[in-house]
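Asker: missing the sequence, but the structure's below:
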Ligand code: G3H
Ligand code: 13P
Ligand code: ZN
């Protein structure tokens, strides 16, 4: 089956009350890791690529790798999503490259750093929705701002400052009505990257009650949790055991993500956990075998370690066992769906 629009995966997840992990990729091994995990668990897949990933792969490599994933996994519905598009042009070029879903992150201005006004956000998001839905492509918007900074993207808010930029439920209602986004990323106290929390977060730090309130007001909007890596202790330990230097840190606990999934969260973004798994596996090979120099000797275990993380999240979020139950729909078929709304 061809790449599918993300909307159909999120609709199925909502109808059956599960979440779908959206995994970032930059290279062949990461895509293969996700597909291995999907095959082993019969999971639908959201592969996402940031602007950095598109630059790293020059788009063309990414596109062809995704086409290879489709060719080799005909039983798995796969959506290809742009993560944190910084402006309409970035979203439009992704659509031209074959992405079946785009995120217009208008919560920050085009520099990807400065929190923007509500009006700017609604305007650019609406513009992208109009163009994307005309070709059946799904759109995710974002309201509120996350903490942390990754490769230049993010406002760099501290754990304390994040509390000032949580999603406002009134604005969320207005935003969805004004933009018609398929999915809405909400800021509930998470951050991108490994250094999210200095202590294991409680329900007070991660504002799960805010998710509940937004879901109560927008029961038909798919909610998205960014910054959802759990930063498992064992992955930190492997890196440090083999010469790395990861300072003690805490991520978003899987139990808290479960609460989100019970309250409308359908897309759960995970990148850092894959990065940690890959890095730990490569460090281990080099530490135990300093003479190794065949890339396959370290990329193979790295790929296997990421596949284990992907599998664990697919099972934990409930998407396992659902790939075969989803009726594939093309972007072209989605055009009628949007026209009839
Ligand atoms: O939200 C950020 C993702 O983890 C992607 O990060 O921009 O370094 O590719 P990146
Ligand atoms: P993590 O850094 O927690 O993996 O978050 C990834 C993310 O939100 C990508 O958009
Ligand atoms: Zn994100």
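Answerer: Okay, I see it. Treat the numbers as computed from the prediction; the structure is a model and nothing was measured. Ligands and ions are numbered 1, 2, ... in the order given.
Asker: Is residue 266 part of a helix or strand, or is it coil?
Answerer: strand (DSSP: H, G, I helix; E, B strand; the rest coil).
Asker: in terms of contact, does it touch residue 183 like I think?
Answerer: Yes - contact criterion Cβ atoms under 8 Å: residue 266 and residue 183 qualify, at 7.0 Å. To be clear about C-beta, it is placed using only N, CA and C from the backbone, and glycine gets the same treatment.
Asker: Overlap in contacts, those two.
Answerer: 10, 222, 223, 224 (Cβ atoms under 8 Å, 6 or more residues apart in numbering).
Asker: Now restrict the residues you listed to buried residues only.
Answerer: The neighbour-count criterion (16 or more other Cβ atoms under 10 Å) marks 10, 222, 223, 224 among these as buried.
Asker: Any chance of CSV for those residues, columns secondary structure and pLDDT?
Answerer: Converted to CSV, these look like this (DSSP: H, G, I helix; E, B strand; the rest coil; pLDDT from 0 to 100):
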residue, secondary structure, pLDDT
10, helix, 98
222, strand, 98
223, strand, 98
224, strand, 98
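Asker: Could you dump these into JSON lines and include distance to ligand 2?
Answerer: Below are these laid out as JSON lines (distance: Cβ to the nearest ligand atom, whole Å):
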{"residue": "10", "distance to ligand 2": "15"}
{"residue": "222", "distance to ligand 2": "15"}
{"residue": "223", "distance to ligand 2": "13"}
{"residue": "224", "distance to ligand 2": "9"}
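Asker: with these in mind, which one is nearest to ligand 1?
Answerer: The shortest gap between ligand 1 and any of those belongs to residue 224, at 11.6 Å (Cβ to the nearest ligand atom).
Asker: And the helices in the stretch 201-341 of the chain, which stretches?
Answerer: Here the stretch 201-341 of the chain has its helices, by DSSP state H, counting those that start in this stretch, at 208-217, 233-241, 254-262, 272-288, 295-317, 331-339.
Asker: Looking at those, spot the one closest to residue 33.
Answerer: helix 295-317 (3.8 Å; Cβ to Cβ).
Asker: Compute the inter-axis angle for the closest one and helix 272-288.
Answerer: 140 degrees (axes from the mean of the first three to the mean of the last three Cα atoms, to 10 degrees).
Asker: and whichever residue of the stretch 1-150 of the chain sits closest to ligand 3, how far is that from ligand 1?
Answerer: Nearest residue of the stretch 1-150 of the chain to ligand 3, counting by Cβ to the ion: residue 84, 5.6 Å away. To ligand 1, residue 84 is 5 Å away according to Cβ to the nearest ligand atom, to the nearest Å.
Asker: thinking again about what came up before, and the helices of the stretch 201-341 of the chain as JSON lines, adding distance to ligand 3?
Answerer: Below are these laid out as JSON lines (distance: least, Cβ to the ion, whole Å):
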{"stretch": "helix 208-217", "distance to ligand 3": "16"}
{"stretch": "helix 233-241", "distance to ligand 3": "19"}
{"stretch": "helix 254-262", "distance to ligand 3": "14"}
{"stretch": "helix 272-288", "distance to ligand 3": "10"}
{"stretch": "helix 295-317", "distance to ligand 3": "15"}
{"stretch": "helix 331-339", "distance to ligand 3": "23"}
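Asker: Turn these into TSV, including mean neighbour count and mean pLDDT.
Answerer: Shown next, in TSV, are the helices of the stretch 201-341 of the chain (neighbours: other Cβ atoms under 10 Å; pLDDT from 0 to 100):
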stretch	mean neighbour count	mean pLDDT
helix 208-217	18	95
helix 233-241	17	98
helix 254-262	18	94
helix 272-288	20	98
helix 295-317	20	98
helix 331-339	15	96
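Asker: need the residues of the stretch 201-341 of the chain near ligand 1, please.
Answerer: Contact residues (Cβ under 6 Å from any ligand atom) of the stretch 201-341 of the chain with ligand 1: residue 271.
Asker: Tell me the residues on the stretch 201-341 of the chain that lie near ligand 2, please.
Answerer: So the stretch 201-341 of the chain meets ligand 2 at 226, 227, 228, 229, 269, 270, 271, 272 (Cβ under 6 Å from any ligand atom).
Asker: What is the neighbour count of the fifth one?
Answerer: Burial of residue 269, expressed as a neighbour count using other Cβ atoms under 10 Å, amounts to 27.
Asker: in a strand, that's where residue 48 is, yeah?
Answerer: Yes - with three-state DSSP as the criterion, residue 48 is part of a strand.
Asker: From ligand 2, how far off is it?
Answerer: 7 Å.
Asker: Show me what that residue bridges to in the sheet.
Answerer: Beta-bridge partners for residue 48, by DSSP bridges, are residue 24, residue 81.
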